[in-house]
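Participant: what follows is a protein structure lacking sequence information:
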């Protein structure tokens, strides 16, 4: 598998590995970047040479984050987690997730604000989660183009069905091939503006 610099596209050189991460150096722009070693391991049912689906789970409940992480890792995903809106925006700027599970009610910024910022800059497929039954939330989610709104508590089957729908939408997205190429390795954190 050829690893290219996400900034300039030059083929990168292996620079080592530590704590489950592979490090690469760009000879042209002198940038060093990393990727989880697990993202290079083939999974059953996945086409050789393709990257794992990158999923970000955002919820202020560590229990919910841990449960979704376990379910999604069982599906062969590379999972990143955040416990606040600000952390989610920082993490997304580094790892460019394909799919985001996003709680609506959490520390500033809230889920709708994070969803709007993600959709403007990165356009991942977003699955909203909420513990409050609110018809307005469903309407706002629909306006933002989310895949689904899961009401807590939800089952593993409901979460995986929403995830599969999101992955299918990713495959139909004309930008998904670019995200697949550049999403294989993390990038330098960029600014996702809070408006």
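Facilitator: Yep, that arrived. Just so it is clear, the model here is predicted, and its values are computed rather than measured. Residues are numbered from 1 along each chain as shown.

Participant: helices along this protein, start to end?
Facilitator: Counting by DSSP state H, the chain has helices at residues 62-74, 85-95, 111-121, 135-143, 156-172, 176-182.

Participant: between these, which gets nearest to residue 127?
Facilitator: Residue 127 lies closest to helix 156-172 among those, at 4.7 Å (Cβ to Cβ). (C-beta placed from N, C-alpha, C; glycine too.)

Participant: next, the angle from that closest one to helix 62-74.
Facilitator: For helix 156-172 against helix 62-74, the angle by axes from the mean of the first three to the mean of the last three Cα atoms, to 10 degrees is 60 degrees.

Participant: pLDDT of helix 156-172, averaged?
Facilitator: Mean pLDDT, computed over helix 156-172, is 91.

Participant: hmm, back to that, least confident of the helices of the chain, on average?
Facilitator: Note on the helices of the chain: lowest mean pLDDT is at helix 176-182, with a mean of 52.

Participant: just to revisit the earlier point, a markdown table for the helices of the chain, including distance to residue 32?
Facilitator: Below are these laid out as a markdown table (distance: least, Cβ to Cβ, whole Å):
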| stretch | distance to residue 32 |
| --- | --- |
| helix 62-74 | 27 |
| helix 85-95 | 14 |
| helix 111-121 | 24 |
| helix 135-143 | 39 |
| helix 156-172 | 28 |
| helix 176-182 | 16 |
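
Participant: could I get those in TSV, plus columns for mean neighbour count?
Facilitator: What follows is the helices of the chain, written out as TSV (neighbours: other Cβ atoms under 10 Å):
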stretch	mean neighbour count
helix 62-74	15
helix 85-95	21
helix 111-121	20
helix 135-143	13
helix 156-172	15
helix 176-182	15
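
Participant: among the ones you listed, which is nearest residue 14?
Facilitator: Of all the helices of the chain, it is helix 176-182 that lies closest to residue 14, at 18.4 Å by Cβ to Cβ.

Participant: for the helices of the chain, which one sits closest to residue 104?
Facilitator: helix 111-121 (3.7 Å).

Participant: and the angle for the closest one with helix 85-95?
Facilitator: Taking the same axes, to 10 degrees, one finds that helix 111-121 is oriented at 20 degrees with respect to helix 85-95.

Participant: so what does helix 111-121 touch, helix or strand wise?
Facilitator: Under the contact definition 3 or more Cβ pairs under 8 Å, 6 or more residues apart in numbering; DSSP states H and E, helix 111-121 sits against helix 85-95, strand 99-103, strand 125-130.

Participant: skip the chain neighbours and tell me the closest residue to the one residue sitting closest to the centre of the chain.
Facilitator: When the chain is reduced to its mean C-alpha position, the nearest residue by Cα atoms, centre = their mean turns out to be residue 97, at 2.3 Å. What sits nearest to residue 97 in space, not counting adjacent residues and going by Cβ to Cβ, 6 or more residues apart in numbering, is residue 56, at 4.0 Å.
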